[in-house]
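Undergrad: Whatever this is, show me its structure:
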Amino acid sequence: MAWIYLLLAGVLEIVWALAMKQSDGFTRLVPTVITITALLASLVLLALAMKSLPLGTAYPVWTGIGAIGAFVVGVLLLGEPLQALRAGAAAMILAGLVLMKLA
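TA: Below you'll find the model as predicted:
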């Protein structure tokens, strides 16, 4: 169950990052509320996952899911450039996540 909590926490990290971008510096109400709600829910789920997963696994996986997800959302939804170096960096983060899970 801890890995499910962690996966959901990572997805919510992507949600709050996108909503924060859409909030225009917290000047738009709905994206601001989504940011705060998703952030708090993500932290709660991370805390639940950490009840049985080591900190050194849970936290890097959580941030990695958020980092890869934010990168993909930025490219696919926000039209950010897909450059070779950025894609390579994302691939290395993904490889690290896989290794963390296997460890």
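
Undergrad: which residues of this protein fall in helices?
TA: All helices of the chain, identified by DSSP state H, fall at 2-22, 29-49, 55-76, 84-102.

Undergrad: Return the most buried member of these.
TA: For the helices of the chain, average neighbour numbers computed from mean count of other C-beta atoms under 10 Å are highest in helix 2-22, which has a mean of 19. Any C-beta I mention is one placed from the backbone N, CA and C, and that applies to glycine too.

Undergrad: how far is it from where the chain is centred?
TA: Distance of helix 2-22 from its chain centroid, counting by C-alpha atoms, centre = their mean, to the nearest Å, is 5 Å.

Undergrad: begin at 32 from here
TA: Taking 32 as the first residue, the last one we looked at is helix 33-53.

Undergrad: ok, and what's touching that helix?
TA: Under the criterion C-beta atoms under 8 Å, 6 or more residues apart in numbering, residues 57, 59, 62-63, 65-67, 69-70, 72-74, 76-77, 79-84, 89, 92-97, 100-101, 104, 108-109, 132 lie in contact with helix 33-53.
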